[in-house]
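>>> next one to model:
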Amino acid sequence: MTDEKIPSELDVFNSEKKETTACENCHHPSPLEHSFCPKCGQKLNNKLSVGILFRNTISNYFSVNEGIMNSLFPLVFKPGFLAIQFINGKRIKYLHPAQFYLSVSVFFFFLFSFKMKEEQTKTDLELNSKFEKRDSLNNLEKKVTDSVAYSNNKIQINDDDNNKKLDSLIAAKAPEEEMLKAMGLTDKDNRLTKLLYTKALKFYKKRGSGILEAFANNIPISFFFLMPLFALFLKLFYYRKGNYVNHLVFTFYFFSFLFVTFTAVLALSYLIEIPNWLVFGLICAVNVHLIIGIMRFYKEKPLRTFLKTSALLSIFAIFIIPITVALIALISLILY
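Down below sits the predicted model:
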């Protein structure tokens, strides 16, 4: 009788054990016949090639475009619809609210940058004209004083002595400290005051060139400040209607609608001069859109919605927006 080795359970297990490969992303072992990692979802044996390099980018691009096409009509003509769909879990067909906002805002500010260059050129010309006019008046006054002996009681010419002194210091390339003192800066002033005086001196030297562009560059940042505040006030007005994220979703879609409207108006401004009645009509349309959107999203009666929305817009118009504009102006001056 020959001795035959009976295979153990371990031998059977090892014989049945399938060959595996490690995922390049998370290093999780996966059977060779699998195409995707069961842990992270990345494709296995994903060797780098030119096709792989651009495939994901192109795929994401067309995915965003398809999402925008599916979302644009309800965003404009069905206020509150997209936010309701997103909150209810229907998030594949329509574009994500934050992604939608970033897409339309980036496109708007891209077009806006060209418009700002035109406006900056006009502003620079106007400021230079005013500075040159002031310089010519100063020269005229100097000629008059050289040729005519007059009394201050009889003839008065409005002029700022500090401007004259500052112009002389700039022409003589005097130290900056002397120029700042001529503007009124004292040793007792704090660092912030000195910084503002320094920027004001720079503005004076450059005759205001580039100040409008500096202001415009900070506008996108202001919207990231305004949106969370808008959602916060919605939370305060509708504190029983879900958590803060729900209000933020509605805010993202509403601000996306604002930028779609801004983009349409900006594109139209390249073709025609926008009449005041159209601007007024658009402001009314935006307000109506917001009221309908809030009424549908929060399922509230029209009168209560109108009163709450009016209060919300009044708070923003009287307090939030002016403060934001002042902060943008201050930041623009500091970064100028």
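>>> burial check on the closest residue to F36 other than its chain neighbours, number of neighbours?
Of all residues not flanking F36 in the chain, K43 sits nearest, at 5.6 Å (C-beta to C-beta, 6 or more residues apart in numbering). (Each C-beta comes from the backbone N, C-alpha and C, glycine too.) Using other C-beta atoms under 10 Å, K43 has 14 other residues around it.
>>> how close does K43 sit to H28?
Distance of K43 to H28, computed by C-beta to C-beta, to the nearest Å: 13 Å.
>>> and what of V76?
From V76 to H28 the distance is 45 Å (C-beta to C-beta).
>>> all helices for this structure, in order.
Using DSSP state H, the helices of the chain run over 9-16, 50-77, 81-87, 97-147, 161-171, 176-183, 191-205, 211-217, 219-237, 244-269, 276-298, 302-315, 321-335.
>>> for the residue nearest to F36, give me the pLDDT.
K43 is assigned 73 on the pLDDT scale.
>>> isn't it up against S35?
Yes: counting by C-beta atoms under 8 Å, K43 does reach S35; the two are 6.5 Å apart.
>>> rewinding a little: JSON lines for the helices of the chain, including mean pLDDT?
Output for the helices of the chain, formatted as JSON lines (pLDDT from 0 to 100):
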{"stretch": "helix 9-16", "mean pLDDT": "48"}
{"stretch": "helix 50-77", "mean pLDDT": "71"}
{"stretch": "helix 81-87", "mean pLDDT": "95"}
{"stretch": "helix 97-147", "mean pLDDT": "71"}
{"stretch": "helix 161-171", "mean pLDDT": "73"}
{"stretch": "helix 176-183", "mean pLDDT": "84"}
{"stretch": "helix 191-205", "mean pLDDT": "83"}
{"stretch": "helix 211-217", "mean pLDDT": "79"}
{"stretch": "helix 219-237", "mean pLDDT": "93"}
{"stretch": "helix 244-269", "mean pLDDT": "96"}
{"stretch": "helix 276-298", "mean pLDDT": "96"}
{"stretch": "helix 302-315", "mean pLDDT": "95"}
{"stretch": "helix 321-335", "mean pLDDT": "86"}
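>>> out of these, the one nearest E24 is which?
Proximity to E24 (C-beta to C-beta) singles out helix 50-77 among the helices of the chain, at 12.1 Å.
>>> before we move on, back to that, okay, and the common contacts of K43 and H28?
Common neighbours of K43 and H28 (criterion: C-beta atoms under 8 Å, 6 or more residues apart in numbering): C37.
>>> gap between the residue most central in space within the chain and K299?
In the chain, the residue lying closest to the centroid (C-alpha atoms, centre = their mean) is P220, at 1.9 Å. Using C-beta to C-beta, one gets 33 Å for the distance from P220 to K299.
>>> then L234?
For L234, the distance to K299 (C-beta to C-beta) stands at 14 Å.
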